[in-house]
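Undergrad: Structure for this input, please:
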Amino acid sequence: MYYRLNGVTQRLTGTPAAVCSSQGLRPGIPPVGPLAIFTSPTKLVSETGSQVQYLGANRVPDLQRHFQKSVGIPVHLKGGVIDKLLYRTTMSLTVGGALYCLVALYFTAQPSNKIDEE
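TA: Numbering: from 1, shown residues only. Got it, this is the predicted structure:
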């Protein structure tokens with residue numbers, strides 16, 4: 001589908017490819033479509049067309065059960081070792097950045113040591 005500027009409404013309107021003429025350097029060559037980013041489909045359409053079969057199992061109920069258990073730890077740490085590592089890294093960088101800002105503020109607030117020669 002191509003888009004053209006409508007002369008009356010001054011908006012872009014979709015037009016079929018047969019209406020627009022190519023203004024490129026080679027008018028006789030048909031345009032090539034973009035390459036597919038995802039080559040494997042995530043859904044398979046059945047022959048009836050009304051039902052959709054998904055590839056893979058639905059893991060949402062299992063994940064809901066896992067994260068809704070009351071085991072005494074916060075939800076952002078229930079993912080395991082990776083979540084703990086990410087949480088501790090984030091907290092370390094936050095505390096370190098705050099301390100760095102305070103040290104920089106302290107050094108900036110100190111008067112400069114200019115020696116006046118008379």
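
Undergrad: in this protein, which spans are strands?
TA: Assigned by DSSP state E, the chain shows strands spanning 2-5, 12-15, 43-45, 52-54.

Undergrad: Could you identify which of the ones you listed has the lowest mean pLDDT?
TA: Among the strands of the chain, strand 43-45 carries the lowest mean pLDDT, at a mean of 55.

Undergrad: The longest helix seen in the chain: which residues count as buried?
TA: Taking DSSP state H as the criterion, the chain has its longest helix at helix 81-109. Counting neighbours by 16 or more other C-beta atoms under 10 Å, one finds that helix 81-109 has no buried residues. C-beta: built from backbone N, CA, C; applies to glycine.

Undergrad: if you average pLDDT over it, what comes out?
TA: 96.

Undergrad: Count the residues that sit near Arg11.
TA: Neighbour count of Arg11, defined by other C-beta atoms under 10 Å: 9.

Undergrad: Thought Tyr3 was touching it, still the case?
TA: No. The pair Arg11 / Tyr3 is not scored as a contact, 9.7 Å apart, by C-beta atoms under 8 Å.

Undergrad: check contacts around Leu12.
TA: Listed by C-beta atoms under 8 Å, 6 or more residues apart in numbering, the contact set of Leu12 reads 3-6.

Undergrad: for these, which one is nearest Leu102?
TA: Tyr3 (54.8 Å; C-beta to C-beta).

Undergrad: Excluding chain neighbours, what is closest to that closest one?
TA: Leu12 (4.6 Å; C-beta to C-beta, 6 or more residues apart in numbering).
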